[in-house]
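Visitor: Got a sequence here, can you model it:
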Amino acid sequence: QAELNEAAMASEMEKEKIDLSLPGYRMESGTIHPLILVQQEIEDLFVGMGYKIAEGPEVEKDIYNFELANIPKDHPARDMQDTFYIDADNLLRTHTTAIQMRELEKAEGKLPIKLICPGKVYRRDDDDATHSHQFMQCEGLVVGEHITLADLKGTLEFMAKKMFGEDRKIRFRPSYFPFTEPSVEVDVTCHMCNGAGCPVCKGTGWIEILGAGMVHPHVLEMNGFDSDKCSGFAFGVGLERVAMLKYGIDDIRNFYTNDVRFLKTFDRFD
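Guide: Residues are numbered from 1 along each chain as shown. Below you'll find the predicted structure:
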């Protein structure tokens, strides 16, 4: 009986023997998408400054997407944003400003407000290397007493240094947005040439990264705030644009084609 048991065990061990000289199997791991990397970096940055993160529906009502943002039905600014309408009152949001309007309404006039609202937005656009019908934004909103343009500039300068390097500088250029007055376009010194001029910045030394401005008094009034007692600033940045500048990506379509070779570039475990 002992011999039979020993023979059975030897046979079993022979079947289960592991050849330690064989190469092992590499475990495939997923990666964090570059847009999510940028979103998380911006969220961490602003949460550290006391902002909260707000979210809202991607299928939005016209009143939040346009009217409460100072864009009534006959406003020419609606032509600037070709919209996917579901019906007369519902649409795919064209900007995350709609989340800001919901948060202003929810606050019921109570101060202060400090929030960022990242998310997908949709516009009827022809896809090419720099445009997409779907893209991601992160907008910020601060409303309180004695908020000035200097506060906005300091906030954006801090963000630019953290995102693109400590030696970055920013500049404001006058612009127009219906929900801010005054409105500005914000440029950052080129990360490739440090402002000297190169093909990336088209010789100017500057790269446009976002739009911003002081919240329009009419927007505050429509949402239940006394514009004589409070003020605020808002800004909006495209996450694809930041990711393209930060990681040297030359085609926005790379973010949405699910090419594993592109995504593996951001594999932090390699």
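Visitor: Could you pull up the contacting residues of F172?
Guide: 153, 184-186 (CB atoms under 8 Å, 6 or more residues apart in numbering). In this view, the C-beta of every residue, glycine as well, is placed from N, C-alpha and C.
Visitor: Nearest to M49 among those residues?
Guide: K153 (14.7 Å; CB to CB).
Visitor: can you pull the pLDDT of that closest one?
Guide: We note a pLDDT of 93 for K153 in this prediction.
Visitor: In helices, which of the contacts of F172 appear?
Guide: Among those, the residues falling in helices (DSSP state H) are K153.
Visitor: Generate TSV for the contacts of F172, with distance to E6 and neighbour count as supplementary columns.
Guide: Formatted as TSV, these follow (distance: CB to CB, whole Å; neighbours: other CB atoms under 10 Å):
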residue	distance to E6	neighbour count
K153	84	17
V184	86	24
E185	84	17
V186	80	24
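Visitor: which pair in the contacts of F172 spans the largest distance?
Guide: K153 and E185 (13.0 Å).
Visitor: pLDDT at D79, what is it?
Guide: Per the predicted model, pLDDT is 69 at D79.
Visitor: same thing with T97?
Guide: pLDDT, read off for T97, is 93.
Visitor: give the contact list for it.
Guide: 65, 69, 139, 179, 234, 236.
Visitor: one more time with 10 Å
Guide: Applying CB atoms under 10 Å, 6 or more residues apart in numbering to T97 gives the contacts 60, 64-66, 68-71, 117, 121, 137, 139, 141, 177-180, 219, 234, 236.
Visitor: Narrow the residues you listed to those that are buried.
Guide: 60, 64-66, 68-71, 117, 121, 137, 139, 141, 177-180, 219, 234, 236 (16 or more other CB atoms under 10 Å).
Visitor: from these, which ones fall inside strands?
Guide: Among these, DSSP state E puts 60, 117, 121, 137, 139, 141, 177, 180, 234, 236 in strands.
Visitor: Return the per-residue confidence for the third one.
Guide: By that I understand V121. 94.
Visitor: how close does it get to G238?
Guide: Distance of V121 to G238, computed by CB to CB, to the nearest Å: 9 Å.
Visitor: between those two, what contacts are shared?
Guide: 135-137.
Visitor: Next, format those as CSV and append distance to I18.
Guide: Rendered in CSV, the data for those read as follows (distance: CB to CB, whole Å):
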residue, distance to I18
F135, 51
M136, 48
Q137, 53
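Visitor: Now do the strands in this protein.
Guide: Using DSSP E, strands in the chain cover 52-53, 59-61, 90-92, 113-122, 134-144, 170-177, 180-189, 206-215, 231-238.
Visitor: Of those strands, which is nearest N258?
Guide: Closest among the strands of the chain, using CB to CB: strand 134-144, at 13.7 Å.
Visitor: how close does R123 get to M159?
Guide: Taking CB to CB, one finds R123 at 24 Å from M159.
Visitor: between the two, who's got more neighbours?
Guide: M159 (25 against 18; other CB atoms under 10 Å).
Visitor: For the residue lying closest to K153 once chain neighbours are set aside, name its beta-bridge partners.
Guide: Nearest residue to K153 in three dimensions, chain neighbours excluded: F172, at 6.8 Å (CB to CB, 6 or more residues apart in numbering). Beta-bridge pairing for F172 (DSSP bridges): V186.
Visitor: how near is F172 to W206?
Guide: 11 Å.
Visitor: Please enumerate the shared neighbours of these two.
Guide: 186-187.
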